[in-house]
Structure formats: structure tokens, C-alpha cells
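S.K.: Compute the structure for the input listed below.
(chains A, B, C and D)
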Number of protein chains: 2
Amino acid sequence: MPATKHKDDARMNHLLAALPADEFSRLKPELEPISLALGEVIYESGEQLEYIFFPTTAIISLLYIMENGSTAEIGMAGNDGLVGIALYMGGSTTPNRAVVQSAGNAYKLRSKALRSVFDLSGVFQKILLRYTQSLMTQISQTAVCNRLHSVEQQLCRWLLINHDLLQTNRLIMTHDLIANMLGVRREGVSIAAGHLQEKGLIKYVRGTITMLDRERLETAACECYQVVKDEYDRLLGKYISKSH
Amino acid sequence: MPATKHKDDARMNHLLAALPADEFSRLKPELEPISLALGEVIYESGEQLEYIFFPTTAIISLLYIMENGSTAEIGMAGNDGLVGIALYMGGSTTPNRAVVQSAGNAYKLRSKALRSVFDLSGVFQKILLRYTQSLMTQISQTAVCNRLHSVEQQLCRWLLINHDLLQTNRLIMTHDLIANMLGVRREGVSIAAGHLQEKGLIKYVRGTITMLDRERLETAACECYQVVKDEYDRLLGKYISKSH
DNA sequence: ATCGGTCTGTGCGCAAACACACATATATAA
DNA sequence: TTATATATGTGTGTTTGCGCACAGACCGAT
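M.R.: The predicted structure is shown next:
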């Protein structure tokens, strides 16, 4: 995995090219050229980032890796973008792996250099950005979940999220509405809900669902639920009272 | 659709509760209580946002609506979060609908009040945030696409994205690697790729794929490709040279 | 009490994608 | 050149989810 230098123009990256001359010239001495080999891991899930990357010719893939090893791409960045959002959003890491999908070049910028530019004055801004990052995790996990998990698992996850947001076990919601949320057929929800009811995890009648056994709902759900929840706590836990 | 007032404590929203007393008291006079009815549309896809919402008891669902009318949820926000990220990320809108999934209360904050707090000094920060929003669209669309579209459609989309990022028609990539990206089986990719080759859209041999007919690839892809591309242009086009 | 609308259960056939198995073809290195 | 690893083609059987159709159950309004 050679990480050699190169001589691309940093302005081959569209985002860097968009900077006014003065901002770019301030940044330029901090930009280090780097060559990226196919398959090289830019960062690992949960790993502290040291650099943000601006590809010039390389393409980098953002992947989620399931506990069982299967993978799914949630995003891709080339010279149209950058890799390492977590550095300025405040989270420092994400639960994803970034891997070089097409060998090529990039420029990297040390986090310290970035933070001096991205100096947020108030707690409010910090929280907004951290929440945004946590929402990105939620969306990413929805993407992965849609690809790899059954309707029943997704229904469990969806019920758990609702249980977290509502104070009550009782949820006013028809199968049909849930189907619209999950992007599946109403019948599919009815069947999955029927299973969960048989097993005693929930019960429901005509537009009302009652969660009976939260613990077993969690085991019946896929890992996605917990990933999102943990990431929310990691990003915002220090700001939010311990109570939750 | 009544939008009446209420008397919830704004601090029932965890993000508002996280603010230090001085920041919160500055914000407080700007926070307007509002009651949200089930099914109420907070904002429509592409609609300019006027307010950011902090739910206290309501739950709001972020949906993508396909051209054919089918829907899929990409995220959910309750008292753990907020709705209207695009306002401070710089995009003003998103290609999603936000709809009340569980009736309840929220506080809304006018965009003007928010912008005065979220004052970014340089172009660099603006671009970083706008890019982040465009990446969110990409991830969202991946979620939707995973739910609703065939492997073949997704393969087309994936090839088109690569074609945009690479300068060339020639892509060094095995079916197996693509399968890992799309989160499907290798055989599934082989079959889809076989179809596209039969139709003359691509051709491939052992680790190299050549795109032959970009136009027809676009029609064979789902709408997701274009949605993401348009949103990128909308968010960053004004910064990036017209050339692309 | 009755009617009409809504919600849920169920059955059927079908298509997409899966898992597994194995054949064939092609590049790379010994 | 040959051996080996890798890439792709193909077959079988299974599962999941879809589309459609309709039945029964329940609710609210007249």
C-alpha cells in the first residue's frame, strides 16, 4: 500500500477549486498530496480521523460492514467531494469504513488545520452539527437495513425507535401507514406484525399497536437499531443529561 | 390541520435542553410553540423552509416520494432531534417531505433567527456544509434505491456515478467488488451486467467494464441517479465552475 | 340498527434475489 | 508452458416480497 506523493493540481478537486484565491492560498501549504492504491482503507469504522481527504483522481467508497461481514455502500466521493466529514461535524469518527474504490490521487488536510478554519463559537452550532451527523448515521443505517434485513426485523427496529420517542407503549398507527414508512406492502407489515404478536412481543387491534416485551423486540431487531442509538449517544451524550 | 399553541416546556426537546442557560435564554423569545396534527406536512420536497422545528412530543418522519408515488422513510425525528437541517446547512430545502407521524407539540424557530446564530465566516465552511448536505441526499437516495429498485437499475446508477467521477469509460472493477458495494450477490451482478451487455449498454471482460452508451444507461437507471446529481448541482453549482 | 368506510387476514401466482454447487475461461506467476 | 488463483457463466431449488383479489371484522355516522 504505497502512499506516495504526486503532482496533481489540488484544484482538480471541485470543492477546492471553488474557493476564492485568498482562502485557497491560506489552505494550500497545509494540503499534502497522496497517492491512494486500490483497496486501501482510508479510515476504519470508529477510528479517529487525522485527515480529511480531497480526491483529485481517486474514488473513495463509504461502506458499512455488518456484524456478519456483509457490506453495503452508503456513499461515494471523488473529485466532486471529500472524505472525512466527521472531522468538521464534530464527531471525529463515523461507524463506516472508507476504502479506495478506484486508485488515484488526493490531497489530505490535517484535522488541526481544518479546525482552525472551522471554529464554531457557540454550543448551539456544535449541537446542530453533531445532530446532523447522527441523522446521517440514521439515514445510512436505513440504507443498509433496506438492503440486508427482513421486513420483520425492520418493523422491530421501527417500533423500537417509536418507543424511544414516545413515552408510551401504545402506538396509534395502522399497518398501512407503517408500510408507507418502510416502503413495503401493507400485507407484508400485517404478516410481520402477526408473527410478532404470536410470539407475544406486541399486540394490536385496528390502528393501535402495543409493545409488550421491549427486550425481546430488541433481539428480534437487526443490529441497525443499536448502531444508530449508540452513535447518537456518542455524538450528543455529553451535551444531554444523563437521564436518557 | 390546526396549528394551535401549547404550553410544553421547550426543554422537553433534548437538543434545546442541552444548551447552556445563556444561549437558551437568547433563543427562547424566538421559539414559537405549535401543535402538529397527524399527517400534517411540515415541508414539501423542494419547498423553501421558513422554520426549523424542535419537537417536544410530536414525531416527524422524513420521506422520499418516488415519481410513481411509492414512499420510503429515510429518517425520523422526535424530541431527540430537529427537523429542517437544510436551513443551517445552507441548502434551504431538501428533496424530501417531512410529515407528522405522531401528533404532538413542537417549537419552531424562524430561519432568520437561526441564521444570525449560525454565521459562517468563510466560503470554505459554507462549501463544506453544502457538500455535507449533498452527501446526505446521496445516502438518502441509496436508502430509497435499496428498498425500491432492482439490482439492474442500481447497477446502472452505480456505473453512471463512476462515469461521472472518472474521466474514462473504462472501469477496472470485478463483479464481485461491485456486489460488495451494492450489497448483493456476485451472481446477481453478473446477471444484471450480462443483460446490459446484451443490450449493448456496456461490455466487460474479466475485471474491466466499458461503458458504451451512456444515454441508454441513464434511461435504464432509476430516477435516483438524477435526483442526487441535480441536488449536488443545486447545492454547489453556484460555487463550482459552469464547466461541469 | 344499519350502512359505508376502514382495517386486517388470507390465498394465489409470480418475480427477484438468495444460497449453494460447479463448470469454464482467463490472467499471472512459477 | 504449466499451474494456480481469480473471474465469470450457469443450474437448481428456496425464500422473500410483490400484485391482486376478496373476505371478514370493526368503527362511526346517519
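S.K.: quick one, strands of chain A?
M.R.: A:31-36, A:41-43, A:51-55, A:59-65, A:71-77, A:97-102, A:104-110, A:170-172, A:202-205, A:208-211 (DSSP state E).
S.K.: from the chain's centre, how far out does the last one sit?
M.R.: A distance of 29 Å separates the centroid of the chain from that of strand A:208-211, by CA atoms, centre = their mean, to the nearest Å.
S.K.: Then the third one?
M.R.: On the basis of CA atoms, centre = their mean, strand A:51-55 is displaced by 18 Å from the centre of the chain it belongs to.
S.K.: Stretch A:120-137 near chain B at all?
M.R.: Yes - for stretch A:120-137 and chain B, the contact criterion (CB under 8 Å from any CB of the partner chain) is met by A:122-125, A:127-128, A:131-132, A:134-136. No exception for glycine: its C-beta is placed from N, CA and C like everyone else's.
S.K.: Tell me the buried residues in that stretch?
M.R.: Judged by neighbour count (16 or more other CB atoms under 10 Å in any protein chain shown), stretch A:120-137 contains these buried residues: A:120, A:124-137.
S.K.: what's it in contact with?
M.R.: With contact meaning CB atoms under 8 Å, 6 or more residues apart in numbering or on different chains, stretch A:120-137 is reached by A:85-86, A:88-91, A:94-95, A:227-228, A:231-232, A:235-236, A:239, B:15, B:18-20, B:23, B:27, B:75, B:77, B:81-82, B:85, B:88-89, B:117-118, B:132, B:135-136, B:139.
S.K.: Would you agree A:L165 is in contact with B:G81?
M.R.: No - between A:L165 and B:G81 there is no contact under CB atoms under 8 Å: 9.1 Å.
S.K.: neighbour-wise, which of the two wins?
M.R.: Under the criterion of other CB atoms under 10 Å in any protein chain shown, the comparison of A:L165 against B:G81 puts B:G81 first, with 24 against 21.
S.K.: helices or strands next to the helix or strand of chain A with the lowest mean pLDDT in the packing?
M.R.: The least trusted helix or strand in chain A, going by mean pLDDT, DSSP states H and E, turns out to be helix A:111-117, with a mean of 82. Helix A:111-117 sits against strand A:51-55, helix A:86-89, with contacts defined as 3 or more CB pairs under 8 Å, 6 or more residues apart in numbering or on different chains; DSSP states H and E.
S.K.: from the residues of stretch A:120-137 next to chain B, which ones fall inside helices?
M.R.: A:123-125, A:127-128, A:131-132, A:134-136 (DSSP state H).
S.K.: and A:G207, how many neighbours?
M.R.: A:G207 - counted by other CB under 10 Å - has 12 other residues nearby.
S.K.: Ok, A:K5 next?
M.R.: A:K5: 10 neighbours (other CB under 10 Å).
S.K.: tell me the centre residue of chain A?
M.R.: A:T137 (2.5 Å; CA atoms, centre = their mean).
S.K.: Can you give me the pLDDT of that residue?
M.R.: As predicted, A:T137 sits at a pLDDT of 95.
S.K.: ok, it to A:I85 distance?
M.R.: Going from A:T137 to A:I85 by CB to CB, to the nearest Å gives 11 Å.
S.K.: any residues in contact with both of those two?
M.R.: In contact with both A:T137 and A:I85: A:T94, using CB under 8 Å, 6+ apart.
S.K.: where in chain A is pLDDT low?
M.R.: A:1-3, A:241-244 (pLDDT under 70).
S.K.: same thing but 90
M.R.: A:1-8, A:22-23, A:26, A:68, A:112-128, A:166-167, A:238-244 (pLDDT under 90).
S.K.: Thank you, goodbye.
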